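**Q** Predicted model follows, preceded by the sequence.
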Amino acid sequence: MANVEYLFASKREQTKLANRLAILDAAREVFGEIGFEAATVRDIVRRSGLSVGAFYNYYRSKEEVFEALADDGARRFRPILEAQSAKARDFESYLRAAVGAYFDFVAGEHAAWLAKSKDAGMLSQARGTPEILAVFDEVRRVFADVMARDLSGGVDIEFLAASCIAVAREIGDRMVERTPLDTGAATDFVVNLIMGGVPNLPRMKG
């Protein structure tokens, strides 16, 4: 989308768009390397190659940059997740499709982060970028909806959704540290673990 906008923009608009993208790319790298809390506007500015004044022409704070990145991640992943939800036959089929899609997204972000990282030999923390966090929240929301629709017997949907998301996130963290990175094996592990445990969950009364 940004590339299309760039092609049809005026020279001045192209410069503004290029600067904005440079800031977002720099922030993604900085947040991924040292985390959001430790990152500063100066870190982002230094990585972008722009001036401090240029940064504040587009964003008021690192929080605003984080929100822009998170919105982009959720925007890109939401249609994928909604498509999986719509065609799921049951909870297990949705679980497999959603977890697999999440792991594919994480793997893609991880690869992109490594390609742009200033220190490719450093262990990537791409899972901590705003895009990944936004996608994580999106999965949590749809998980709860699907579970409420497809699971019966009084299972605590809130607890189960939280458990599924926590397992997927932790396994995703470990997955990107392995070589070769295998999203299929990670998906199988999560689905088998969760589906094996659901029958033994206590049922809520009333």
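**A** Thanks, I have the structure now. Residues are numbered from 1 along each chain as shown.

**Q** Break the chain down into its domains, please.
**A** As assigned by automatic domain parsing, the chain contains the domains 2-66, 68-200.

**Q** mind giving me CSV with those and columns for mean neighbour count?
**A** Glycine gets a C-beta too; all of them are placed from N, C-alpha and C. Listed next are the domains of the chain as CSV, based on neighbours: other Cβ atoms under 10 Å:
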stretch, mean neighbour count
domain 2-66, 16
domain 68-200, 17
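
**Q** among these, where is the model least confident on average?
**A** Among the domains of the chain, domain 68-200 carries the lowest mean pLDDT, a mean of 77.

**Q** Straight-line length of that one, end to end?
**A** With Cα to Cα, to the nearest Å as the measure, domain 68-200 spans 42 Å from end to end.

**Q** what ranges do the helices span in this structure?
**A** 2-7, 11-34, 41-48, 52-58, 62-87, 91-116, 130-150, 157-175, 183-197 (DSSP state H).

**Q** Out of those, which is closest to Arg203?
**A** Among these, the nearest to Arg203 by Cβ to Cβ is helix 157-175 (11.7 Å).

**Q** Compute the inter-axis angle for that closest one and helix 183-197.
**A** 150 degrees (axes from the mean of the first three to the mean of the last three Cα atoms, to 10 degrees).

**Q** And helix 157-175, how far out from the chain middle?
**A** Per Cα atoms, centre = their mean, to the nearest Å, the displacement of helix 157-175 from the mean C-alpha position of its chain is 13 Å.

**Q** counting contacts, what elements does it pack onto?
**A** Helices and strands touching helix 157-175, by 3 or more Cβ pairs under 8 Å, 6 or more residues apart in numbering; DSSP states H and E, are helix 91-116, helix 130-150, helix 183-197.

**Q** I'd like those helices written out as a markdown table, with distance to Ala74 added.
**A** Putting the helices and strands packed on helix 157-175 into a markdown table (distance: least, Cβ to Cβ, whole Å) gives the following:
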| stretch | distance to Ala74 |
| --- | --- |
| helix 91-116 | 11 |
| helix 130-150 | 4 |
| helix 183-197 | 20 |
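
**Q** Extract the C-alpha set from stretch 15-33 and format it as CSV.
**A** What follows is stretch 15-33, C-alpha atoms only, in CSV (Å, rounded to 0.1, in the frame of the first residue of the first chain):
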residue,chain,number,x,y,z
THR,A,15,9.7,12.8,0.6
LYS,A,16,7.2,12.9,3.5
LEU,A,17,6.2,9.3,2.9
ALA,A,18,9.8,8.1,2.7
ASN,A,19,10.7,9.9,5.9
ARG,A,20,7.7,8.4,7.7
LEU,A,21,8.6,4.9,6.5
ALA,A,22,12.2,5.4,7.5
ILE,A,23,11.0,6.3,11.1
LEU,A,24,8.8,3.3,11.2
ASP,A,25,11.5,0.9,9.9
ALA,A,26,14.0,2.3,12.4
ALA,A,27,11.5,2.0,15.3
ARG,A,28,10.7,-1.6,14.4
GLU,A,29,14.4,-2.5,14.6
VAL,A,30,15.0,-0.5,17.8
PHE,A,31,11.9,-2.0,19.6
GLY,A,32,12.9,-5.4,18.4
GLU,A,33,16.5,-5.1,19.6
